[in-house]
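Q: Pasting the sequence and the predicted model now:
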Amino acid sequence: MCKRIVFVGCGSMAEAIMAGMLQTKTVDKNDIYVTNKQDEGRLGNIEATYGVQTSYDKEKLLDLADVVILAMKPKDLAESLDEIRPFIREEQLIISVLAGIMTETIEEIIGKRNAVVRAMPNTSAQIGYSATAIAAGKYVDQEKINIAERLFQSIGVTKVVAEDDMHTVTAISGSGPAFIYYFVEAMTTAALEAGMDEQTADALITQTIIGAGKMLEQSGEPASVLRENITSVGGTTAAGLETLKANEFEKIIIACIESARNRSIDLGRTF
Ligand SMILES: NC(=O)C1=CN([C@@H]2O[C@H](COP(=O)(O)OP(=O)(O)OC[C@H]3O[C@@H](n4cnc5c(N)ncnc54)[C@H](O)[C@@H]3O)[C@@H](O)[C@H]2O)C=CC1
Ligand SMILES: O=C(O)[C@@H]1CCC=N1
């Protein structure tokens, strides 16, 4: 892909996307430009690690861009768009990975008829395993959707969704990996408390998560059937599941997803 990509905001998400794009060779390092907040020394590190072009001169970078990826925190969006708005041209595709922020909000702040695509990747982008949902703003045509899809396919799987679904997406696949890591942390604690060494526990739990993920992907069976296949009557799995049920595991997970979704809605309302 010969599009020149400018990242505005270079924290952990931008780095994960960039690393994925470079690793899969979807975008050449010479076509990636990165800027960040003026007062942070991060650009030097990024340039040294990935060989991409970096600059605090936003006018210069915006002048080069075909695609602008907004990757700052939602609270920094207004300030950041104020800085770059004068340099944005209408033919540039704007992709926002910000949680909660509507394409309409960005369209209004920019004040031009730019195609604005909202994308919600996750940090597994770093190794090419993101699950990224994509929603189109009102000036987006199929060609721009295709560009966004191709870019994010370089870092994993993509799904085009209605923008109304983006709050749910943000909860399940944007924040989702963190919830799974938290589950893993708890499993590890349990194993250590039972006297197992950390290295062995890490290896077994990691492979268990990978194996379960691959089964979900490849077995053709729903999660409920896969769970039932493990659960012998009167066995260990049944005993563990009873404890999860007694402690309202499902209710807790639903509440967790709802809280994350509601936070996404709140973030959007701050504008
Ligand atoms: N971390 C994650 O797993 C995911 C994050 N996101 C979204 O990605 C965005 C970035 O998240 P993180 O990378 O985790 O945050 P981060 O805090 O690691 O990175 C944000 C970067 O934006 C920079 N920045 C702040 N103001 C700026 C400005 N005016 N101009 C240019 N750069 C500016 C900061 O210096 C910082 O380096 C957020 O909006 C978040 O909702 C989306 C999906 C997953
Ligand atoms: O925690 C957050 O707000 C961001 C959005 C999805 C994952 N991290």
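A: Yep, it's here. Ligands and ions are numbered 1, 2, ... in the order given.
Q: In the stretch 101-250 of the chain, which residue sits closest to ligand 2?
A: Using CB to the nearest ligand atom, the single residue of the stretch 101-250 of the chain nearest to ligand 2 is G174, 3.2 Å away. (C-beta placed from N, C-alpha, C; glycine too.)
Q: how close does the closest residue in space to that residue that isn't next to it in sequence sit to S80?
A: Nearest non-adjacent residue to G174, counting by CB to CB, 6 or more residues apart in numbering: M120, 4.6 Å away. Look at M120 and S80: by CB to CB, to the nearest Å, they are 18 Å apart.
Q: Please pull up the helix or strand immediately following whichever helix or strand L244 is part of.
A: Assigning secondary structure by DSSP states H and E places L244 in helix 236-246. Past helix 236-246, heading to the C-terminal end, the next element that is a helix or strand (DSSP H and E) is helix 249-269.
Q: could you dump stretch 168-188 to CSV, C-alpha only?
A: What follows is stretch 168-188 as a C-alpha-only set of coordinates in CSV (Å, rounded to 0.1, in the frame of the first residue of the first chain):
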residue,chain,number,x,y,z
THR,A,168,-20.1,-2.3,22.6
VAL,A,169,-17.1,-3.0,20.4
THR,A,170,-14.9,-0.8,22.6
ALA,A,171,-16.0,-2.8,25.7
ILE,A,172,-15.6,-6.3,24.2
SER,A,173,-12.6,-6.1,21.9
GLY,A,174,-10.9,-2.7,22.6
SER,A,175,-10.8,-3.2,26.4
GLY,A,176,-11.4,-7.0,26.1
PRO,A,177,-7.8,-8.1,26.2
ALA,A,178,-7.3,-6.3,29.5
PHE,A,179,-10.2,-8.3,31.0
ILE,A,180,-8.6,-11.5,29.8
TYR,A,181,-5.2,-10.5,31.2
TYR,A,182,-6.9,-9.8,34.5
PHE,A,183,-8.4,-13.3,34.5
VAL,A,184,-4.9,-14.7,33.7
GLU,A,185,-3.4,-12.7,36.6
ALA,A,186,-6.0,-14.2,39.0
MET,A,187,-5.4,-17.8,37.7
THR,A,188,-1.6,-17.2,38.2
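Q: and that stretch, which residues are buried?
A: By neighbour count, and taking 16 or more other CB atoms under 10 Å as the criterion, the buried residues in stretch 168-188 are T168, V169, T170, A171, I172, S173, G174, S175, G176, V184, T188.
Q: Pipe those residues into CSV and attach pLDDT, secondary structure and distance to ligand 1 per row.
A: Shown next, in CSV, are those (pLDDT from 0 to 100; DSSP: H, G, I helix; E, B strand; the rest coil; distance: CB to the nearest ligand atom, whole Å):
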residue, pLDDT, secondary structure, distance to ligand 1
T168, 98, helix, 14
V169, 98, helix, 10
T170, 98, helix, 7
A171, 98, helix, 11
I172, 98, helix, 12
S173, 97, helix, 9
G174, 97, helix, 4
S175, 98, coil, 7
G176, 98, helix, 9
V184, 98, helix, 16
T188, 98, helix, 21
